[in-house]
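Novice: Model the following, please.
(one chain, ligands or ions: 1)
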Amino acid sequence: MGKIGVAILGATGSVGQKFLELLADHPIFEVTELAASEKSAEKKYKDATNWIMQKSLPKNFGEMIVKECKPNLNSKIVFSALDASVAGDIEEDFAKAGYIVISNARNHRYDANVPLIIPEVNPDHLEMIKYQKYGSGAIITNPNCSTIGLVLALKPLQKNFGLESVNVVTLQAISGAGYPGLPSMDIIDNSIPFIGGEEPKMEKEPLKILGKLNAKGDVDFANIKISAQCNRVAVNDGHLENVQVKFVKKPSAQEIIEAWINFKSEPQQLNLPSAPKQPIYYFYEDKYPQPKIHRNLENGMAASVGRLRECSLFDFKFVVLSHNTVRGAAGGTILIAELLHAKGYLPNE
Ligand code: NAP
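Specialist: Reported below is the predicted structural model:
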């Protein structure tokens, strides 16, 4: 069986580059087209992008000619790493033209019948695409990078004990702002207590992801109160989040830790190539998890949790860390595509 060709929209940006790094030797997908804005189109990829990944740019990608983000591409599956200012219309044009679009952008996350997927958390929500208005095309979305780590940690707690309310304070990496991101003079020796649009996303997205699929092919949102405060800190990759939770039925600390470390789901059962063997790790050391040490655990696809302790305001508090451009963006999207493939949702197989 040959590999399935995929195109990357927004290939020149930081998430686009991460796609190329992760897909360079993928067992199912092969990147056959790269697309970006008019200013990059018609150039060789190596001349259109400022490559900032640790692995060197594979030669075959460097020589590819960048195309425009128009729905005349050969690959029927497109991964979108487009800037949100343009992603909405472009992704919809592709879906209407019969393409399967798997997107990192925020634009379609709340559209009717558009699933917002973390493969370990709500794989059943993929059914929603059958109700979409795009014929053979579809849009599937990946949540915001800070939502993903939080919800990975919350899912086993919701499933086993029920959740009433959540408070989260984030320390988010610079790469979350794209490339070139913040001016160095703003972020070196600094923390910035504001990330535009981030707090509303963190307060709403988990409710859709943790919600229930209904008979109309949509989601009844989970009934959990969430409050978020988001900060940008001088870390390259890896979002750290301080979380407080109140349960419907308060468990013991040991029961919580067991729920995390025993948590496995469809991506693990299906042995998907990008799935972490263990989605959540628990660290007993007081000073863990840390972005520099743990962000690349399981190739950047696992969430690292630690510092679980009783809370005087809520029931418990803990810390969760996840890699924002891998699990929180390109890696998460690739895992969605692997799940779509394993469940027979992709064309031309
Ligand atoms: P980025 O580095 O700014 O890259 C944006 C990409 O969009 C570039 O390839 C750019 O192409 C392309 N683009 C801009 N205007 C365009 C236009 N008019 N037509 C076609 N392409 C256009 O951003 P990023 O950090 O990679 O993020 C990409 C998306 O993923 C965003 O929606 C972001 O919110 C989301 N996301 C990012 C992260 C993260 O950790 N960084 C995590 C989760 C989700 P040119 O180079 O040609 O301008």
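
Novice: Flag every residue of the stretch 101-250 of the chain that's near the ligand.
Specialist: Where the stretch 101-250 of the chain comes near the ligand, counting by C-beta under 6 Å from any ligand atom, the residues are Asn104, Ala105, Cys145, Ser175, Gly176, Gly178, Tyr179. The C-beta positions use only the backbone N, C-alpha and C, and glycine is treated the same way.

Novice: how deep is the residue in the stretch 101-250 of the chain that the ligand sits nearest to tucked in, by neighbour count?
Specialist: The ligand sits closest to Gly178 of the stretch 101-250 of the chain, with a gap of 3.0 Å, by C-beta to the nearest ligand atom. Here the number of neighbours of Gly178 (other C-beta atoms under 10 Å) works out to 17.

Novice: In terms of pLDDT, where does it sit?
Specialist: pLDDT for Gly178: 89.

Novice: who's in contact with stretch 179-187?
Specialist: When contacts are defined by C-beta atoms under 8 Å, 6 or more residues apart in numbering, stretch 179-187 is touched by residues Gly13, Ser14, Asn50, Ile52, Ile174, Ser175, Ile192, Arg232, Ala234.

Novice: Spatially, which two of those residues are the most separated?
Specialist: Asn50 and Ile192 (23.3 Å; C-beta to C-beta).

Novice: now the contacts of stretch 179-187 as JSON lines including secondary structure?
Specialist: Below are the contacts of stretch 179-187 laid out as JSON lines (DSSP: H, G, I helix; E, B strand; the rest coil):
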{"residue": "Gly13", "secondary structure": "coil"}
{"residue": "Ser14", "secondary structure": "helix"}
{"residue": "Asn50", "secondary structure": "coil"}
{"residue": "Ile52", "secondary structure": "coil"}
{"residue": "Ile174", "secondary structure": "helix"}
{"residue": "Ser175", "secondary structure": "helix"}
{"residue": "Ile192", "secondary structure": "strand"}
{"residue": "Arg232", "secondary structure": "strand"}
{"residue": "Ala234", "secondary structure": "coil"}
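
Novice: Got a ChimeraX select line for the buried ones in the residues you listed?
Specialist: Command for ChimeraX that selects the buried part of these, burial taken from 16 or more other C-beta atoms under 10 Å:
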select :13,14,174,175,192,232,234
